[in-house]
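> please find the sequence and the predicted model below.
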Amino acid sequence: MQSLTEFNIERTTAEILILKEQTAQNIVEIGKRLIAVKDNLQHGEFSEWLKERVDISHRTANNFMKVATTFSNSQAIANLGSTKLFLLAGLDEEDRQEVMKENNVEDMTTRQLEQAVREKKELKKRLDDEQEYSNKLQKSIQEKEQEIKDLQDKIDKIPVPKKEIIEKEVVKEVIPEKVIQEKALLKQQIEKQKQQLVEIQKRAEKAESTLKGIRLEDNLAKDEVYDNAKLDMLIYNINDFLNKNSKYTYLKEDLQHIPSKKRKFVEEKVNSIKEWVMLMEQALSNNKDIVGNMIYGEGEIIKWVIWY
């Protein structure tokens, strides 16, 4: 910290008052000087100085200092108003660059920029929250796997004292009942841990899928070629559906015995999937006449045949 004799606080105060009356681009210069004053005052004196000497609220001063720290090149934001500067300064470097790249900030209204900044912050929070959740699940998986390993090690290390029983000159080795019970209990614990592990893995898979979806959504917003991004989302969703549900096609025996109410529900959904597939085939083949069991005429569906 400079001494008050080296740092001329009176001159700096006068400069701030002059800059206050000028255009918004001078917020950067005001912010720099506010930082200098704050660094040269004792703890607790800055708020009083703001109020008594330059009539700036603490909140406004923080905004000015944030802008000064964020925008070292004042020419880049020379034509932006103070509210826009404060909004942009509230974003981290990467998000701020993206907002400025994706939008003509100078021509946007303040309300439009507020919405763009809010959406960027919400997306970042969703990403951060989902990533944190995914990381916790991965850690839980590792812990469960270690617990299972530790339990198995316990089983392997249980000493097995054996009693010899002689029956008609035939020697039999008998494992004590206590050891059998101890092993059985540990195996039960292992099975329980494995079940919990499967549940955590399912949640982790869902979290990872959600995370990919959010990232893809972000890329969709950034992509200049919007249609390509939508196709990427379609491909991702198809792959995600197949990865999650292809295993159920092997449950033929189980599906034969499901309750009638659930069977009806499954059949309805399967038919919905069939209809979607037919529509996709029609879109891909560009065939306007007949696609599978869906019959078209003059661009409209005349008949939809459902098969079982």
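That came in fine, so what should we check first?

> mean confidence (pLDDT) on the helix ranked longest in the chain, please.
The longest helix of the chain (DSSP state H) is helix 110-157. Mean pLDDT, helix 110-157: 85.

> helices and strands around that helix, which ones?
Where contact means 3 or more C-beta pairs under 8 Å, 6 or more residues apart in numbering; DSSP states H and E, helix 110-157 is packed against helix 82-89, helix 93-102, helix 177-222. In short, each C-beta sits where N, CA and C put it, glycine included.

> quick one: closest of these to Leu17.
Of all the helices and strands packed on helix 110-157, it is helix 82-89 that lies closest to Leu17, at 16.5 Å by C-beta to C-beta.

> the closest one versus helix 110-157: what angle between them?
If you take axes from the mean of the first three to the mean of the last three C-alpha atoms, to 10 degrees, helix 82-89 sits at 10 degrees to helix 110-157.

> in helix 82-89, what's buried?
Neighbour counts using 16 or more other C-beta atoms under 10 Å place Ser82, Lys84, Leu85, Phe86, Leu87, Leu88, Ala89 of helix 82-89 among the buried residues.

> what is it packed up against?
helix 58-70, helix 93-102, helix 110-157.

> ok, Ile148 touching Gln196?
No: contact criterion C-beta atoms under 8 Å: Ile148 and Gln196 do not qualify, at 9.5 Å.

> out of those two, which sits in the busier spot?
Ile148 (18 against 15; other C-beta atoms under 10 Å).

> residues touching the more buried one, list them.
Ile190, Gln193, Lys194, Leu197 (C-beta atoms under 8 Å, 6 or more residues apart in numbering).

> wait, isn't the last one in contact with Gln142?
By that I understand Leu197. No: with contact defined as C-beta under 8 Å, Leu197 does not reach Gln142; the gap is 10.1 Å.

> now the helices and strands packed on helix 110-157 as TSV including distance to Asn26 and mean pLDDT?
Output for those, formatted as TSV (distance: least, C-beta to C-beta, whole Å; pLDDT from 0 to 100):
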stretch	distance to Asn26	mean pLDDT
helix 82-89	10	86
helix 93-102	20	83
helix 177-222	33	78
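
> nearest to Lys66, of those?
Nearest to Lys66, of all the helices and strands packed on helix 110-157, is helix 82-89, at 4.5 Å by C-beta to C-beta.

> now the closest one - C-alpha only, PDB.
Below are the C-alpha coordinates for helix 82-89, written out as PDB (Å, rounded to 0.1, in the frame of the first residue of the first chain):
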ATOM      1  CA  SER A  82     -23.200   0.900 -18.100                       C
ATOM      2  CA  THR A  83     -25.900  -1.700 -17.600                       C
ATOM      3  CA  LYS A  84     -24.600  -3.800 -20.400                       C
ATOM      4  CA  LEU A  85     -21.100  -3.600 -19.000                       C
ATOM      5  CA  PHE A  86     -22.300  -4.600 -15.600                       C
ATOM      6  CA  LEU A  87     -24.200  -7.600 -17.000                       C
ATOM      7  CA  LEU A  88     -21.200  -8.800 -19.100                       C
ATOM      8  CA  ALA A  89     -18.800  -8.300 -16.200                       C
END
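
> much appreciated, bye for now.
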